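Colleague: Sequence first, then the predicted structure, then my questions.
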Amino acid sequence: MLVPRIEHIYQSHQLNSTHWERFVARDDDIVDATSVKSGTTWMQNIVRHLIFPDPETRPGLEVSPWIDSAVTRINEAVTMLEAQQHRRFVKTHLPLDGLPYYAQVKYIVVTRDARDVFMSLWNHYRNFTPEWIERLNRIPAHVDRPFPPCPDDIHNFWREWMTRGWFEWESEGYPWWSNLRHTQTWWNFRHLPNILFVHFNDLLTNPADEIRRVVEYLNIDLPDERLPLIVDAVSFSSMKQNGEQIIGTMSATKGGAHTFFNSGTNGRWRGVLTDDDLELYEAAVARELTPDCAHWLEHGRLSDR
């Protein structure tokens with residue numbers, strides 16, 4: 001059976017894939033793997049509620065570090081993880097061709113229609129504080145050009161995001177990392193028993209069923225009476241209300257956690273993206289995705305029901 005292998009090193013203002021060299025996997029570790037603005041924090045919060053009987057006593061998602069973030073103090077993160085006695089869960093934004101693969105680890109890959117990702121990313125990016133952009137531009141790890149401020153025009157940002165890559169082997173995702181290609185690198189190995197795909201649309205429309213899938217996949221013993229409580233606790237309204245408890249004080253964006261949890265909806269791109277914009281999307285999909293992966297990204301499991 002083919003298994004993933006590292007093909008690229010990702011180092012930028014946002015990413016440092018070499019941080020994973022310090023990570024020592026345990027047999028029951030969980031990795032929440034997404035591109036960007038695809039439900040990362042949502043899935044982290046779901047897993048947090050599945051692991052901890054009383055998650056509100058935990059200091060937000062500080063227990064679940066983003067390993068490959070360029071701003072993560074990896075020595076501190078590894079020390080914290082090594083001291084944890086509970087089942088560990090961590091986050092990655094890396095494509096699978098830049099991440100060590102562990103057969104004993106459970107990966108949950110959360111995906112979302114790229115047009116919905118974009119609308120969420122637009123809100124996130126344009127609310128970056130000048131201080132945060134300055135901090136990103138002080139990161140020394142092989143950064144050869146500055147991280148740019150958000151364009152004033154949403155269509156300019158769309159064109160850049162759809163037609164440029166930050167890394168030379170990417171053709172979309174600028175100035176972050178690839179979004180479509182990211183999903184395809186994981187999709188290519190969906191046959192592996194320790195990779196589970198979850199779609200943002202399905203979490204929105206039927207959260208109880210999707211959480212059950214995660215429970216079964218992680219082999220967690222969850223009493224029936226806890227499921228509706230978790231569904232309520234991880235709803236968008238609950239997470240927005242308890243944003244600081246979930247993600248802590250967030251200095252990257254204006255408005256902090258309130259801005260980070262924006263709307264939690266899909267379809268906002270309709271009426272915003274023009275026909276010309278959507279032609280760029282279709283071209284990127286044809287360039288980067290296999291037809292089955294493209295269908296998954298636009299529909300998720302909904303089309304199979």
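Modeller: Structure's in. What do you need?

Colleague: can you pull out the helices in the stretch 51-200 of the chain?
Modeller: For the stretch 51-200 of the chain, helices defined by DSSP state H, counting those that start in this stretch occupy the ranges 74-83, 114-126, 130-136, 154-163, 180-187, 200-205.

Colleague: Buried residues in the shortest one, which are they?
Modeller: In this case it means helix 200-205. Phe200, Asn201, Asp202, Leu203, Leu204 (16 or more other CB atoms under 10 Å). In short, each C-beta sits where N, CA and C put it, glycine included.

Colleague: Without its sequence neighbours, what residue ends up closest to the fourth one?
Modeller: Read it as Leu203. Once flanking residues are discounted, Leu203 sits nearest to Glu210: 5.0 Å by CB to CB, 6 or more residues apart in numbering.

Colleague: could you give the mean pLDDT of whichever strand or helix holds the one you found?
Modeller: Using DSSP states H and E, Glu210 falls within helix 207-218. For helix 207-218, mean pLDDT rounds to 96.

Colleague: got a list of contacts for the next helix or strand after that helix?
Modeller: On the C-terminal side of helix 207-218, the closest following helix or strand by DSSP H and E is helix 226-233. Residues outside helix 226-233 that contact it (CB atoms under 8 Å, 6 or more residues apart in numbering): Asn45, Ile46, His49, Leu50, Pro55, Pro207, Ala208, Ile211, Arg212, Ser238.

Colleague: And for stretch 271-280, what's in contact with it?
Modeller: So stretch 271-280 is in contact with Arg115, Phe118, Met119, Ile154, His155, Trp158, Arg159, Met162, Thr163, Tyr281, going by CB under 8 Å, 6+ apart.

Colleague: The same query, at a cut-off of 10 Å, please.
Modeller: 115, 118-119, 122, 154-155, 158-159, 161-163, 172, 269-270, 281 (CB atoms under 10 Å, 6 or more residues apart in numbering).

Colleague: residue ranges with poor pLDDT in the stretch 151-300 of the chain?
Modeller: 238-265 (pLDDT under 70).

Colleague: Using PyMOL, define a selection of the buried residues within the contacts of stretch 271-280.
Modeller: Remark: buried members of these, expressed as a PyMOL selection using 16+ other CB under 10 Å:
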select buried, resi 115+118+119+122+154+158+159+161+162+172+269+281
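
Colleague: what about the closest residue to Glu288 other than its chain neighbours, neighbour count?
Modeller: What sits nearest to Glu288 in space, not counting adjacent residues and going by CB to CB, 6+ apart, is Leu180, at 4.1 Å. Using other CB atoms under 10 Å, Leu180 has 23 neighbouring residues.

Colleague: try Trp169
Modeller: 12.

Colleague: Would you point out which residue is most central in the chain?
Modeller: Thr34 (3.1 Å; CA atoms, centre = their mean).

Colleague: who are the neighbours in contact with that one?
Modeller: With CB under 10 Å, 6+ apart, Thr34 has these contacts: 40-44, 91-94, 108-112, 117, 179, 182-183, 186, 198, 200.

Colleague: again, only this time at 6 Å
Modeller: Thr40, Val110 (CB atoms under 6 Å, 6 or more residues apart in numbering).

Colleague: same check, this time on Trp187
Modeller: Taking CB under 6 Å, 6+ apart as the definition, contacts of Trp187 comprise Cys293.

Colleague: One more pass at 8 Å, please.
Modeller: Trp187 touches Phe197, Thr290, Asp292, Cys293, Trp296, counting by CB under 8 Å, 6+ apart.

Colleague: Mark which of these are buried, thanks.
Modeller: The neighbour-count test (16+ other CB under 10 Å) applied to the contacts of Trp187 identifies Phe197, Cys293, Trp296 as buried.

Colleague: Can you tell me the SS state at the second one?
Modeller: In three-state terms, and counting by DSSP: H, G, I helix; E, B strand; the rest coil, Cys293 is helix.

Colleague: Not counting sequence-adjacent ones, nearest residue to it?
Modeller: Using CB to CB, 6+ apart, the closest residue to Cys293 is Trp187 (4.3 Å).

Colleague: Distance check, the one you found against Val109.
Modeller: Going from Trp187 to Val109 by CB to CB, to the nearest Å gives 8 Å.

Colleague: And for Arg138?
Modeller: 31 Å.

Colleague: How about Glu131?
Modeller: 32 Å.

Colleague: Looking at those two, which has the bigger crowd around it?
Modeller: Comparing Glu131 with Val109 by other CB under 10 Å, the one with more neighbours is Val109, at 25 against 10.
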